[in-house]
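J.: need coordinates for the below:
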Amino acid sequence: MSQSVTKPAPPPADRVSVARNGGPGGEVIAARRRRRVLGLLAVLVGLVVACLLSVAFGAKEMSLDTVWHALVSPTGGENDIVVRSQRLPRTFLGLVVGIALGIGGALMQGHTRNPLADPGLLGVTQGAAFTVVLGIYTLGVTNIYGYVWFGFGGALLASAGVFLLGSVGRGGPTPITLALAGAAMSALLHSLTSAVVLLDAQALDVYRFWKVGAIAGRDVNLALQVLPFVVLGLLLAFANAPGMNALALGEDVARSLGQRVRLTRTLGIVAITLLTGSAVAVCGPISFVGLVVPHIARAVVGSDYRWILPYSGLLGAMMLLLADVAGRVVARPGELQVGIMLAVVGAPFFIALVRRRKLVRL
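T.: Okay, the predicted model is just below:
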């Protein structure tokens, strides 16, 4: 007795397309990816505009036509010198430092699980400050090309010390131990810095200038000196992004997924040190960029660090440059340093951010 076998009807075309895209969830993921890419392009356009504004406007008023001629056909006049020797290097330095601080802040908040983390949390700022004043006091180094390397070395040593202290114990470095070790190291180095500047008036004067945080008065050669360290830090940061996504699920889950937690944390700390150490050594402790920008990026793209990091870098550079332009314009013919402007603008902005629910949850 034969039985007829009924062949299943072919699926409709829309079901085939859904299956090829991974089901309904695939369409959602594709739409989210498109929004993220478009958002990243919009931020990139905003950064280009910020760079143009940084070149076009300053404490010295000049027309856009004058700025254009200074760029394309300079004659060696005063305006040409201002644009090419001051504004262009300042814009380039702001671009490099803003990217470094934005990505460094995102990494720091992710690894410490602390929404208030900034370069000061792991002792980077105080480590750089102590070695800067120590170099001035002991060796008489007052040239910025000299003490920038003291600052960078101090940032590296302080971060290494914090990491070693946070690694003591069976559990290795954890967000809590790193935060506690960073607070202890920062307090110690701050006390030592205060002791040195009280003993030497010259160290105090240079330290006060460095402490404000500025991108003015630094030429392009200074930025080029630390640029290799920033590039290396960026490479390590993006290599660290998948591991941070796994760590966000919890260390036990990350280990079950095959993630080497200690290696991931070590890689992240090295990237943070290179990025924030370079920025702080050159420009001083510029506040709020590494603190606020990662929250904005996280609010836009969610919790995927593969997207948080590029958003944070571009937003950090844009925020720094716009604050610098505002500081030049509001106090003409003088100017307010970018560290002061970011403190004035960033504090209420950050208060508004943290009042929004879920933005402080990492």
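
J.: would you map the helices across the stretch 1-150 of the chain?
T.: Counting by DSSP state H, counting those that start in this stretch, the stretch 1-150 of the chain has helices at residues 13-20, 24-56, 64-72, 78-81, 88-112, 124-139, 144-167.

J.: could these go into TSV alongside distance to Val289, mean pLDDT and mean neighbour count?
T.: (Each C-beta comes from the backbone N, C-alpha and C, glycine too.) Output for the helices of the stretch 1-150 of the chain, formatted as TSV (distance: least, Cβ to Cβ, whole Å; pLDDT from 0 to 100; neighbours: other Cβ atoms under 10 Å):
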stretch	distance to Val289	mean pLDDT	mean neighbour count
helix 13-20	43	42	11
helix 24-56	13	87	14
helix 64-72	26	86	14
helix 78-81	29	84	14
helix 88-112	4	90	27
helix 124-139	13	84	25
helix 144-167	16	81	21
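
J.: tell me how many other residues crowd Gly182.
T.: By the measure other Cβ atoms under 10 Å, the count of residues near Gly182 is 27.

J.: that one against Val162, yeah?
T.: Yes: in this structure, Gly182 is within contact of Val162 by Cβ atoms under 8 Å, at 4.8 Å.

J.: need the overlap of contacts for these two.
T.: Residues touching both Gly182 and Val162 (Cβ atoms under 8 Å, 6 or more residues apart in numbering): Leu122, Gly123.

J.: returning to what we had before: switch the helices of the stretch 1-150 of the chain over to CSV; also include distance to Gly339.
T.: Below are those laid out as CSV (distance: least, Cβ to Cβ, whole Å):
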stretch, distance to Gly339
helix 13-20, 52
helix 24-56, 16
helix 64-72, 26
helix 78-81, 26
helix 88-112, 11
helix 124-139, 12
helix 144-167, 15
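
J.: and of the ones you listed, who's closest to Tyr207?
T.: Among those, the nearest to Tyr207 by Cβ to Cβ is helix 124-139 (5.1 Å).

J.: show me what the closest one is packed against.
T.: helix 144-167, helix 175-199, helix 201-212, helix 261-283 (3 or more Cβ pairs under 8 Å, 6 or more residues apart in numbering; DSSP states H and E).

J.: quick one: it to helix 201-212, angle?
T.: 160 degrees (axes from the mean of the first three to the mean of the last three Cα atoms, to 10 degrees).

J.: now what about helix 124-139, what contacts it?
T.: Counting by Cβ under 8 Å, 6+ apart, 119-120, 141-142, 146-147, 150-159, 161, 185-186, 189-190, 192-193, 196-197, 199-200, 202-203, 206-207, 210-211, 272-273, 276-277, 280-281, 285 sit against helix 124-139.

J.: what number of residues lie near the nearest residue to Leu274 once chain neighbours are set aside?
T.: With Cβ to Cβ, 6 or more residues apart in numbering as the measure, Gly233 is the residue that lies nearest to Leu274, at 3.3 Å, once sequence neighbours are left out. Close neighbours of Gly233, defined as other Cβ under 10 Å, add up to 26.

J.: so which of the helices of the stretch 1-150 of the chain gets nearest Tyr305?
T.: The nearest among the helices of the stretch 1-150 of the chain, by Cβ to Cβ, is helix 88-112 at 6.2 Å.

J.: which secondary structure elements does the closest one contact?
T.: helix 24-56, helix 175-199, helix 220-247, helix 261-283, helix 289-301, helix 305-330.
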